[in-house]
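Enquirer: turn this into a model:
(one chain, ligands or ions: 1)
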Amino acid sequence: MVVLANDGITSGGQQTLEQAGFEVQTVHVAQEQLANYLIENKVSALLVRSATQVGRDIIDACPELKLIGRGGVGMDNIAVTYAREKGIHVINTPAASSDSVAELVFAHLAGGVRYLHEANRLMPLEGEVHFKALKKSFAGGTELRGKTLGVIGFGRIGKAVARIALGVGMNVIYNDVTSPSEQVEIPFYDGRSVRFDLETIPFEDLLEQADFITLHVPAQKKPVIGAEEIEKMKKGAALINTSRGGIVDEVALVDALEAGKLSFAALDVFTSEPKPEIQILMQPKMSLSPHIGASTAEAQERIGEELAQGVIRLLQTK
Ligand code: NAD
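Expert: Below is the predicted model of the structure:
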């Protein structure tokens, strides 16, 4: 059977498929030629990331297609319901990048409490001439151990963040609309593990108690954090959003940073992505990354392997 990995696949994932007897093609076929290519090459499984669109047109034109696989979480680029109605398997890899996103949260958090985002901007410009002044202005950092992390949305990524936070010695509180209690298991390198039992707390309580708040909810109709919510947060608290642009009201966030209500904020996702607002980009108390939460070598490997295993499980004929 032929598998087309139109947006690429890791060599590990490709190898797993080939060892199971699949022919893997890794050419990138342009969107307008995709349907023809799938028919001519008798492609059974089409693997994509976010670039390739698999709409009704492709599904209708390719009755031989048996599986559509999305490397990653969101499936906005696939007509999922329609494909399933037609008997086509649709799979994704929702858990593959949770640890990568969680570590990025901590990169921002550990950097933020020591002003690294600001120091990294100013050291190249002023480090040679004003070293002592910079040393003084960034001397008031704080530690993470013993602080309270509020996690909004306690799914795969929220729990992965909690594992790191608990390991660092932080107190973790969470709010989730569907998950009243959760067991969080922290596995250590030597095979030992420690389990924590956590319970959701009311949203308002989380806003009031947390030293840092991190968001891990899916797309929402309106921002989860706006001016009203920021007002309820501790003075000097920090906010991290690696979930989706629009979950945080960016205007309210910039106002809160300018007013000194929040000490810093970190964004990996932006309301007007891929053109973030200039007020966000230029705000010195903002730690920024260009939507790279899932982008680690390990996550890509897991994505490739999970997709390959999915294809084998669903299509391999015994
Ligand atoms: P998940 O489905 O496992 O967990 C989401 C949780 O949020 C669920 O438990 C749900 O009950 C809860 N929830 C939904 N609405 C809520 C609300 N209003 N208040 C409180 N809780 C709410 O999802 P996940 O895999 O943990 O992903 C979380 C987010 O991370 C998604 O938005 C996803 O798009 C994003 N993400 C970002 C990157 C990146 O590169 N930055 C990578 C992967 C995922």
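Enquirer: please make it C-alpha for all contacts and neighbour counts, starting now.
Expert: Will do.
Enquirer: nearest residue to residue 31 other than its sequence neighbours?
Expert: Of all residues not flanking residue 31 in the chain, residue 52 sits nearest, at 6.7 Å (CA to CA, 6 or more residues apart in numbering).
Enquirer: so which strand or helix has that neighbour?
Expert: Here residue 52, judged by DSSP states H and E, is contained in no helix and no strand.
Enquirer: same question for residue 37.
Expert: With DSSP H and E as the criterion, residue 37 is inside helix 34-40.
Enquirer: and that helix, how far out from the chain middle?
Expert: Distance of helix 34-40 from its chain centroid, counting by CA atoms, centre = their mean, to the nearest Å, is 32 Å.
Enquirer: so what's residue 55 up against?
Expert: Going by CA atoms under 8 Å, 6 or more residues apart in numbering, residue 55 touches 77-79.
Enquirer: tell me what the closest residue to residue 92 other than its chain neighbours is bridged to.
Expert: Taking CA to CA, 6+ apart, and ignoring the residues beside it in sequence, residue 92 has residue 70 as its nearest neighbour in space, at 4.6 Å. When bridges are called by DSSP bridges, residue 70 pairs up with residue 48, residue 92.
Enquirer: coming back round to it: the residue nearest to residue 31 contacts residue 7, correct?
Expert: Yes. If you go by CA atoms under 8 Å, residue 52 and residue 7 touch, sitting 6.9 Å apart.
Enquirer: give me the pLDDT value at the residue lying farthest from the centre of the chain.
Expert: Relative to the centre of the chain, and counting by CA atoms, centre = their mean, the farthest-placed residue is residue 129 at 38.8 Å. On the pLDDT scale, residue 129 is placed at 98.
Enquirer: one more: residue 318?
Expert: With respect to pLDDT, residue 318 has a value of 58.
Enquirer: just give me the neighbour total for residue 85.
Expert: Residues near residue 85, counting by other CA atoms under 10 Å, number 9.
Enquirer: and what of residue 104?
Expert: 20.
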